[in-house]
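J.: structure, please.
(2 chains)
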Amino acid sequence: MTIPWMRWTCRRLRPALVDAAMGTLPLGERGRVEDHIARCAFCRNDLASMRHVSIGLSAPAASTPGEDFWRRQRQAIMRQVRTAPAPAKVAARWGSLRVAGAVATVVLALLVTRTVFPPSPPPLSRSIDHLDDEALLHLHDLLPAIAPASTIYDADSDLLSVHDLGDEELDRLAELLGEQS
Amino acid sequence: MTTRCLGVVALAALLALGLRASSAGADVSPERDRARTYLMLRVVDALGLSDTKALQMRDILRRADERRVELSQKRDTLEAQLRTALTKSPPDEAALSRLVADAHTVQRELATLPEHTFSEAQKILSVEQQAKLLLFRRDLQGEVRQALRRRAAPPAHPTKTH
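T.: I've put the predicted structure just below:
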């Protein structure tokens, strides 16, 4: 059990304990430190611990690796350097990622735009075949407002008239033609 | 070339909007609307009309179409009345005479409508554009009739193998 006033002494003697553990404590200090250690179990234990560490630190290091170790180390590093991707490729990859990101952003913007603002119907094609049946019939009905019947090709008109005949009318026409021939 | 195409597309969109807006109150069916828009597209293309001329031409064609619809309805009504009048025996000659005069007037107006339309167009078109319009309306009529015939034709039967 350590009495409180000795705790203050412990803190004050801490640097001297380190020197004692390392074996560098001046001779004039030894008496005072040894008296304290004799009375203080904490400092005595600390000094023992510090001496253990100092012994470990002062022990000779592990055997220095030989030239063969360093040669193999260099070769391993060079292999890593060779197999690593070239900086340009890395840059290209980042570049393509940026392009992909930009494209994705544009597509997203288009999707949002088309959702918020529905696209208007595409402009009409000039080819008459692109007109639906209903619109074509309306166009046929509309044309006489701008083009007289006399502008219709004669042959075309005759052919269409025949097509317009019903079955009975066609039969009668065939009979009539037969009588004339 | 690209600029011209874009211009034509923009003009067609403008005309379509204009036709839609102008026909909103006239109770025009969407099919009729598409037919009018297509006609305007072709007219603008064939005659090389400027924006201003295209808008003027659009009004002329719209009025002509509306007049034709109106006259056609009158003609149908008068023809029905004529048929009804002819079923009476003896027919009411005075009433029949009025119907004949009215029906004849309507048919004459229908027949002269294209020339009236062309006269209206002449006021805003150059001589070159008038010439193109004369050729165009005939060409378009042929295209329409051929397209109708193609769609009316029955599908070709596969060749029978014995």
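J.: residue A:149: how many residues sit nearby?
T.: Using other C-beta atoms under 10 Å in any protein chain shown, residue A:149 has 11 neighbouring residues. Bear in mind the C-beta positions are built from the backbone N, C-alpha and C, glycine included.
J.: actually residue B:153, not the one I typed
T.: Residue B:153 has 9 nearby residues by other C-beta under 10 Å.
J.: that one and chain A, how far apart?
T.: 9 Å (C-beta to the nearest C-beta, to the nearest Å).
J.: and residue A:121, what's its pLDDT?
T.: On pLDDT, residue A:121 comes in at 55.
J.: any part of stretch B:41-53 near chain A?
T.: Yes: counting by C-beta under 8 Å from any C-beta of the partner chain, chain A has neighbours in stretch B:41-53: B:41, B:42, B:45.
J.: most neighbours, which of those?
T.: residue B:41 (21 neighbours).
J.: what pLDDT does residue A:114 get?
T.: Looking at residue A:114, the pLDDT reads 73.
J.: likewise residue A:31?
T.: So, for residue A:31, pLDDT stands at 85.
J.: again with the one 3 residues further on
T.: If you check residue A:34, the pLDDT there is 86.
J.: so which of the residues of stretch B:41-53 next to chain A would you say is closest to chain A?
T.: The closest of those to chain A turns out to be residue B:41 (C-beta to the nearest C-beta; 5.5 Å).
J.: was I right to think that closest one contacts residue A:128?
T.: No: counting by C-beta atoms under 8 Å, residue B:41 stays clear of residue A:128, with 10.9 Å between them.
J.: now the strand or helix carrying residue B:65: average pLDDT?
T.: Using DSSP states H and E, residue B:65 falls within helix B:51-87. For helix B:51-87, the mean pLDDT works out to 95.
J.: list the buried residues for it?
T.: Buried residues in helix B:51-87, defined by neighbour count with 16 or more other C-beta atoms under 10 Å in any protein chain shown: B:53-54, B:56-58, B:60-62, B:64-65, B:67-69, B:71, B:74-75, B:78, B:81-82, B:85.
J.: thinking again about what came up before, can I get the residues of stretch B:41-53 next to chain A in a markdown table with pLDDT and secondary structure?
T.: Shown next, in a markdown table, are those (pLDDT from 0 to 100; DSSP: H, G, I helix; E, B strand; the rest coil):
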| residue | pLDDT | secondary structure |
| --- | --- | --- |
| B:41 | 93 | helix |
| B:42 | 95 | helix |
| B:45 | 93 | helix |
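J.: can you name every helix or strand that the helix holding residue B:65 contacts?
T.: Applying 3 or more C-beta pairs under 8 Å, 6 or more residues apart in numbering or on different chains; DSSP states H and E, one finds that helix B:51-87 makes contact with helix B:2-23, helix B:30-47, helix B:93-122.
J.: go again with 10 Å.
T.: Judged by 3 or more C-beta pairs under 10 Å, 6 or more residues apart in numbering or on different chains; DSSP states H and E, the packing partners of helix B:51-87 are helix A:133-142, helix B:2-23, helix B:30-47, helix B:93-122, helix B:127-152.
J.: for residue A:49, find the nearest of those helices.
T.: helix B:2-23 (88.0 Å; C-beta to C-beta).
J.: what average pLDDT does the closest one get?
T.: 53.
J.: repeat that for stretch B:107-122.
T.: The pLDDT scores in stretch B:107-122 average 95.
J.: which element follows the helix or strand containing residue A:35 toward the C-terminus?
T.: Following DSSP H and E, one finds residue A:35 within helix A:27-39. Per DSSP H and E, helix A:27-39 leads on to helix A:41-58 as the next helix or strand towards the C-terminus.
J.: residue B:46 contacts residue B:125, correct?
T.: No: counting by C-beta atoms under 10 Å, residue B:46 stays clear of residue B:125, with 11.5 Å between them.
J.: looking at chain A, which helix or strand is least sure?
T.: For chain A, counting by mean pLDDT, DSSP states H and E, helix A:154-164 ranks last in confidence among helices and strands (a mean of 51).
J.: can you pull the contacts of the residue most central in space within chain B?
T.: In chain B, the centroid-proximal residue (C-alpha atoms, centre = their mean) is residue B:65; its distance is 5.2 Å. When contacts are counted by C-beta atoms under 10 Å, 6 or more residues apart in numbering or on different chains, residue B:65 touches A:138, A:141-146, B:23, B:26, B:28, B:32, B:35-36, B:39, B:113, B:117.
J.: what about 7 Å?
T.: A:142, A:145, B:36 (C-beta atoms under 7 Å, 6 or more residues apart in numbering or on different chains).
J.: residue B:143: which of the residues you listed is nearest?
T.: Of the contacts of residue B:65, the one sitting nearest to residue B:143 (C-beta to C-beta) turns out to be residue A:142, at 13.4 Å.
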